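> mind looking at a prediction? Sequence and model below.
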Amino acid sequence: ASFNKIELELSDTFPATGEKEIGGEIAGKVKIINNYTKNQPLVATTRLLTPDNKLFRIKNTVNVPAGGSIEVEVYADTKTADMAIEPTKFTIPGLWAGVQDKIYAESLEKFEFKQDAKKFVTQNDIDNAIALLNEKMVKEAETKVANTAQKNIFSLDKDSVSVEVSNKVGDEVDTFNLKIKSAINVIGLSNEDVLSLIKEKLNILASSQGESEVDADSLTYSLLNYNSEKSLAEIKVDFSAKSAFNGENGGIDKKHLVNLSEKQIKAYLNGVSGLK
């Protein structure tokens, strides 16, 4: 096996997912109706009062024509979810009491409560960002080492990892930057050597039982342990293989399977050399 290291540096920007509620906003519209004989000007912040004494204000100055109506946006001083009220009728307490039944407001749709929140960096955000960049770093190493004659196994050298984060946990930001410097261990194995070793382990090379074929495309590698100082790696290899009897010592005589019980067939097959 061959042992090498690749020094890499990666950085990226990540979203902060923590949320801290800082209040809210009430959004809605009302229709101000003027059934009086004169136009009625209303300045911005004019109060509107519900039957259960919830207070709202209009956002803009308006002049409601006599015998007409006009739509205007409203807001609430109290910015809570219970102010998202259903459609209702409003009095305008700032007007003379004698015209309050003629000049009033109505809402046609439920008001909306918009929750405001600030984003902040969590430890989970940083951990996930590190894991993602580590994964990208290994993939980048794979693109840099292209050798079809051997199988390369890549491992992050955890002792060499250096992490720089632009913000700390709790900082109120929408995004943060993270940079990682690290070395990637590259362990190279000859595909032919691995296949030969597999065949030896299976006693296939000089087998008298028959012919066997290892599916080279089925080989998958996983690194169990790695000691970079001693250049020692423990690697697990999974594979698939097909075997066929040569008909001499391991063949099955079909006549021994005819008109037998399951128990008798099992007894016969258990006695066939090289067959499990």
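Done, it's in. These figures come from a predicted structure and were not determined experimentally.
> helix/strand/coil for the residue located most distally from the centre of the chain?
Among residues of the chain, the one most distant from the C-alpha centroid is residue 37; the distance is 62.8 Å, by C-alpha atoms, centre = their mean. Classification of residue 37 using DSSP: H, G, I helix; E, B strand; the rest coil returns coil.
> name the helix or strand for the nearest residue to it once chain neighbours are set aside, please.
Distances taken as C-beta to C-beta, 6 or more residues apart in numbering place residue 66 nearest to residue 37, at 5.5 Å, with adjacent residues excluded. From N, CA and C alone the C-beta is placed, and that goes for glycine too. In this structure, residue 66 sits in neither a helix nor a strand according to DSSP states H and E.
> just residue 129 next, same as before
Using DSSP H and E, residue 129 falls in helix 123-144.
> for that helix, which positions count as buried?
125-126, 129-130, 133-134, 137-138, 141 (16 or more other C-beta atoms under 10 Å).
> backbone dihedrals for the residue nearest to residue 86 when sequence neighbours are not counted, please?
In space, and not counting its chain neighbours, residue 86 is closest to residue 110: 5.2 Å by C-beta to C-beta, 6+ apart. Phi and psi for residue 110, reported as degrees, to the nearest 10, are phi -60, psi 140.
> surely residue 124 meets residue 17?
Yes: between residue 124 and residue 17 a contact is recorded at 7.4 Å, counting by C-beta atoms under 8 Å.
> need the residues that contact the helix holding residue 129.
6, 8, 10-12, 14-18, 152, 154-156, 161, 163, 165, 169, 176, 178, 180, 182, 184, 186 (C-beta atoms under 8 Å, 6 or more residues apart in numbering).
> at 7 Å instead, please
6, 8, 10, 12, 14, 16-17, 154, 156, 163, 165, 169, 178, 180, 182, 184, 186 (C-beta atoms under 7 Å, 6 or more residues apart in numbering).
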